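Asker: coords please:
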Amino acid sequence: MNPISPSRDDSATIACPVCERPFVPLGRRLYCSEACKHTAYRRRHQAGTGTLVVSSARPRRPITVYECPSCGARALGEQRCGDCSSFMSRVGLGGLCPHCDDPVSVSDL
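Answerer: Numbers count the residues shown, from 1 in each chain. Model (predicted):
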């Protein structure tokens with residue numbers, strides 16, 4: 001028997017899997033409200049790539065890809081363009097391509 005979601009025991013309080021608030025289920029109800037039910041449906045059917053999480057203790061600049069708005073050059077961890085000496089804009093987190101050693105962001109993949 002699973003203590004988080006007891007089966008057929010309406011007197012027990014369980015936590016909503018979306019908002020984690022405790023509620024008393026009626027029947028086979030899994031969510032505390034219709035809003036949480038709709039949110040869970042959207043999360044299950046949403047076509048996404050997932051979220052990239054970087055630890056807050058790790059600095060992000062060395063793993064960030066930047067692109068120059070004037071010449072289009074890309075660099076990994078460098079915010080100033082080596083060709084035209086202008087500041088580059090952030091593309092996203094990434095690294096060097098293993099085949100060509102060019103900076104590639106995760107969003108490009």
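Asker: okay, now the sheet partners of the worst-scoring helix or strand of the chain on mean pLDDT, with direction.
Answerer: Evaluated with mean pLDDT, DSSP states H and E, the helix-and-strand set of the chain has its lowest mean pLDDT in strand 14-15, which scores a mean of 86. Here strand 14-15 is paired, per DSSP bridges, with strand 22-23 (antiparallel).
Asker: for the record, mean pLDDT for the partner strand?
Answerer: Average pLDDT, strand 22-23: 88.
Asker: list the contacts of it.
Answerer: Strand 22-23 is contacted by residues 13-16, 32 when judged by Cβ atoms under 8 Å, 6 or more residues apart in numbering. Just so you know, the C-beta spots here come from the backbone N, C-alpha and C atoms, and that holds for glycine as well.
Asker: past that strand, which element shows up next along the chain?
Answerer: helix 34-45 (DSSP states H and E).
Asker: and residue 54, how far from residue 102?
Answerer: 21 Å (Cβ to Cβ, to the nearest Å).
Asker: repeat that for residue 15.
Answerer: 47 Å.
Asker: what do you get for residue 65?
Answerer: When Cβ to Cβ is the yardstick, residue 65 and residue 102 sit 10 Å from each other.
Asker: got any residues that touch both of the two?
Answerer: Residues touching both residue 65 and residue 102 (Cβ under 8 Å, 6+ apart) are residue 74.
Asker: list the contacts of residue 104.
Answerer: Taking Cβ under 8 Å, 6+ apart as the criterion, residue 104 is in contact with 65, 94-97.
Asker: now tabulate those residues in JSON lines and tack on neighbour count and secondary structure.
Answerer: Converted to JSON lines, the contacts of residue 104 look like this (neighbours: other Cβ atoms under 10 Å; DSSP: H, G, I helix; E, B strand; the rest coil):
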{"residue": "65", "neighbour count": "24", "secondary structure": "strand"}
{"residue": "94", "neighbour count": "20", "secondary structure": "strand"}
{"residue": "95", "neighbour count": "15", "secondary structure": "strand"}
{"residue": "96", "neighbour count": "12", "secondary structure": "strand"}
{"residue": "97", "neighbour count": "12", "secondary structure": "coil"}
